[in-house]
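**Student:** My questions concern the predicted model and sequence given below.
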Amino acid sequence: MGRKEDFDLQFQREALPAELEISGPAPAFSGTNRSDDLFTFMTKKISGLRSNRQYEIALDVTVATNAGKDRIGAGGDAWKGVTFKTGASRKKPKKTIPRNGPD
């Protein structure tokens, strides 16, 4: 596990690429994936929910990436290693280091 500054992490809101034909700003993540295991995430608090109720969450996500087929990563093709996940949780995720130390 490296230092935060080793990964050149960036998060900002940017205009979407014109070829997506979707207007408006969107969250943009970037970083230098030196170890081939960089994980970035964002959170958003949802307010107005009541206790002891079940809620159903539906997400509609469009992903744009510059991890093109011509790019090589530390462990091989950069574009094959890009994974995108979505989810919801009752609690905000915390940064942790495993008991046995970093992998």
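**Tutor:** Noted; the coordinates are in hand.
**Student:** Pull up the distance across stretch 45-54, start to finish.
**Tutor:** 17 Å (C-alpha to C-alpha, to the nearest Å).
**Student:** mind starting the numbering at 577 from now?
**Tutor:** In the new numbering, first residue 577, that becomes stretch 621-630.
**Student:** Residue ranges in this structure under the pLDDT threshold?
**Tutor:** Along the chain, segments meeting pLDDT under 70 span 577-580, 611-612, 642-644, 647-657, 673-674, 676-679.
**Student:** show me where it has strands.
**Tutor:** Remark: strands assigned in the chain by DSSP state E are 586-591, 601-606, 648-649, 652-653.
**Student:** among the ones you listed, which is nearest residue 635?
**Tutor:** strand 601-606 (13.4 Å; C-beta to C-beta). All C-beta spots, glycine's among them, are computed from the backbone N, C-alpha and C.
**Student:** Paired strands for the closest one, with orientation please.
**Tutor:** If you go by DSSP bridges, strand 601-606 pairs up with strand 586-591 (antiparallel).
**Student:** Run the chain-centre distance for the strand it pairs with.
**Tutor:** 12 Å (C-alpha atoms, centre = their mean, to the nearest Å).
**Student:** before we move on, what about stretch 625-641?
**Tutor:** Taking C-alpha atoms, centre = their mean, one finds stretch 625-641 lying 16 Å from the centre of the chain it belongs to.
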